[in-house]
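Peer 1: Here's my sequence, what's the structure:
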Amino acid sequence: MEIDLYYYIYWILNYFFLFYGLCLIVLYFFAIILSTRSVNRNKRKARFLQVNDIVSATDIPSITLIAPAFNESKTIVENVKSLLALQYPYYELIIVNDGSTDNTLQLLIDKYDLEPFDSTFITQPIPTSTVNKIYRSRKLQYKQLTVIDKNNGGKSDANNAGINFAATELVLCTDADCIIEQDALLKMVRPYLEEFNQEIIACGAAIGIINDSIIKNGVVEKLRLPERLIPMIQVVEYIRAFLLGRMAWSEINGVMLVSGAFGLYARNRVIEVNGFNIHTVGEDLELGIRLRKHMEEIKVPYKMVYLPETLCWTEAPNSIDVLIKQRDRWARGLWETMRLHKDLFFNRKYRDMGLFYYPYWMFFELGAPIVEFVGILSLIIFTILGLINWHFAILLFTSVYLLGCIFSTISIFIYVKNFKHYNTGKEVVELLLAAYLEPFIYHPILVLGQVQGYYKKIFGVKSGWGNMDRKGFKTLPKEKTEEIL
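Peer 2: Numbers count the residues shown, from 1 in each chain. All right, here's what the predicted structure looks like:
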């Protein structure tokens, strides 16, 4: 009787895993079709409204860049150089020092000759931690720079402080450890100029990995693939996530997440929903969902869009320990957000978001690590019980592995065909090898980090943002850089 029960459970799980896997495969094939259409559509639009047309226009929306900084002394000077070098006629830059305990603030004061100014007349519609001082530069060339020094409240709180002090139509939230392409704002604003029938409430773009590349005066001077395997595999992961994931969702107006590292928002709409949620570490996804709910409730046609171009570069975790911390935090943020907005689940009131987009996130974004973890446990248990048909199991694993390789290969070749960042034969081969090693080396680490994050939420284990140790950017003097090039 006991053996029959084991067989019963064994076959139920087999059929469940088979059905779940087939659903994912179908979704990936649809993603390839949709993302290809989206990339091609974006290229056609770019030919009609080019960067030179935008930069010379007089009626484009003003933008404030907001970059929270907490103990970013290794990269803060280079990053601010990058942000001050952006090509856009009407933009301000706000650096929010969120209670750093290192010399981040002092480096900014010294480098940009900052002095405090009276800001008591500025209204603050979103509650935040106490703002201590507001600094502006004495030098005319840095007139668009503002530095807010405030008590530590976390990234969301720092973003909210920047949104309060912004005086522009759009706000772009980024990280103080990112390097942004000089024409990024000109490209990011394009959807806001093209769309007439729907309001663009948020726009995102692809983010790239910059580990071991050369930075000069805040600009990517020489892009290189990371030297270590972990960040190199993350290059593949990011390419696949943005091209096959978010570009596909953008094609059907299903974007729910604009990356917190690089997201452009309509300031008035963000204020209407009271800014970023300070009670979750998944603030970017949570804000995206809350904005969409708000627009559905006030019945205003809207879109959240993604651009396929890599316009922002960030330093990825170099070690397994830091990577696990990052994915632990992402998993906790996803769990918190899905729980906060559980009223969306198959709710017709919110149309496609309630009936399709939120359920997808619940079943395949939140659920995938759980299904994988249960699958691993089932494999161990049923192996001990002698129930595994190894010929069939090996065939199944091989098929799943090859399908994963196919999807990654397609992503890489779409990227290489349309963008010129990694276009040498050596780089393409390295990316493909990284993709083929990913399931064996990298993916188990991700599952471990995600399951660890879920465990903390289920059992109430308190955990904060986590310390993301960084190497900092490679910056070389001019003559040295010219030798490399």
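
Peer 1: can we go C-alpha only for contacts and neighbour counts from here?
Peer 2: Noted.

Peer 1: Contacts only, for Ile201.
Peer 2: Tyr265, Ala266, Arg269, Leu291, Tyr302, Lys303, Met304 (CA atoms under 8 Å, 6 or more residues apart in numbering).

Peer 1: Which of the residues you listed has the largest number of neighbours?
Peer 2: Ranked by the number of neighbours (other CA atoms under 10 Å), those place Met304 first, at 25 neighbours.

Peer 1: And Asn423, how far from Arg329?
Peer 2: 33 Å (CA to CA, to the nearest Å).

Peer 1: Tell me which of those two has more neighbours.
Peer 2: Arg329 (24 against 13).

Peer 1: So that one: helix, strand or coil?
Peer 2: helix (DSSP: H, G, I helix; E, B strand; the rest coil).

Peer 1: State whether it and Thr280 are indeed in contact, as I suppose.
Peer 2: No - assessed by CA atoms under 8 Å, Arg329 is found out of contact with Thr280, at 9.7 Å.

Peer 1: hmm, back to that, and the contacts of Ile201, which is closest to Thr36?
Peer 2: Looking at the contacts of Ile201 and their distance to Thr36, the nearest is Met304, at 18.2 Å (CA to CA).

Peer 1: hang on, the earlier thing: give me the subset of the contacts of Ile201 that lies in strands.
Peer 2: Using DSSP state E, the subset of the contacts of Ile201 located in strands is Tyr265, Ala266, Tyr302, Lys303, Met304.

Peer 1: Pick out the most distant pair among those residues.
Peer 2: The widest separation within those (CA to CA) is 12.3 Å, between Tyr265 and Tyr302.

Peer 1: Now do the same contact list for Lys293.
Peer 2: Per CA under 8 Å, 6+ apart, neighbours of Lys293: Tyr350.

Peer 1: avg pLDDT for the host helix or strand of it?
Peer 2: Assigned by DSSP states H and E, Lys293 belongs to helix 283-298. Throughout helix 283-298, pLDDT has a mean value of 97.

Peer 1: Now do the helix or strand in which Ser156 is found and helix 283-298, the angle between them.
Peer 2: Assigned by DSSP H and E, Ser156 belongs to helix 155-165. Put simply, helix 155-165 runs at 50 degrees to helix 283-298, going by axes from the mean of the first three to the mean of the last three CA atoms, to 10 degrees.

Peer 1: What's the first helix or strand after helix 155-165?
Peer 2: strand 170-174.

Peer 1: angle of that following strand against helix 155-165?
Peer 2: Going by the same axes, to 10 degrees, strand 170-174 makes 150 degrees with helix 155-165.

Peer 1: which helices and strands sit right next to strand 170-174?
Peer 2: strand 63-69, strand 262-266 (3 or more CA pairs under 8 Å, 6 or more residues apart in numbering; DSSP states H and E).

Peer 1: ends of stretch 384-398, how far apart?
Peer 2: 22 Å.

Peer 1: List the buried residues in that stretch.
Peer 2: Within stretch 384-398, the residues scored as buried using 16 or more other CA atoms under 10 Å are Ile388.

Peer 1: And the strands in this structure?
Peer 2: 63-69, 91-98, 114-116, 131-137, 145-150, 170-174, 178-180, 199-209, 214-216, 219-222, 262-266, 302-314, 474-475.

Peer 1: Kindly reformat those strands as TSV containing distance to Gln234.
Peer 2: Below are the strands of the chain laid out as TSV (distance: least, CA to CA, whole Å):
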stretch	distance to Gln234
strand 63-69	23
strand 91-98	28
strand 114-116	37
strand 131-137	36
strand 145-150	32
strand 170-174	19
strand 178-180	16
strand 199-209	7
strand 214-216	18
strand 219-222	19
strand 262-266	17
strand 302-314	11
strand 474-475	19
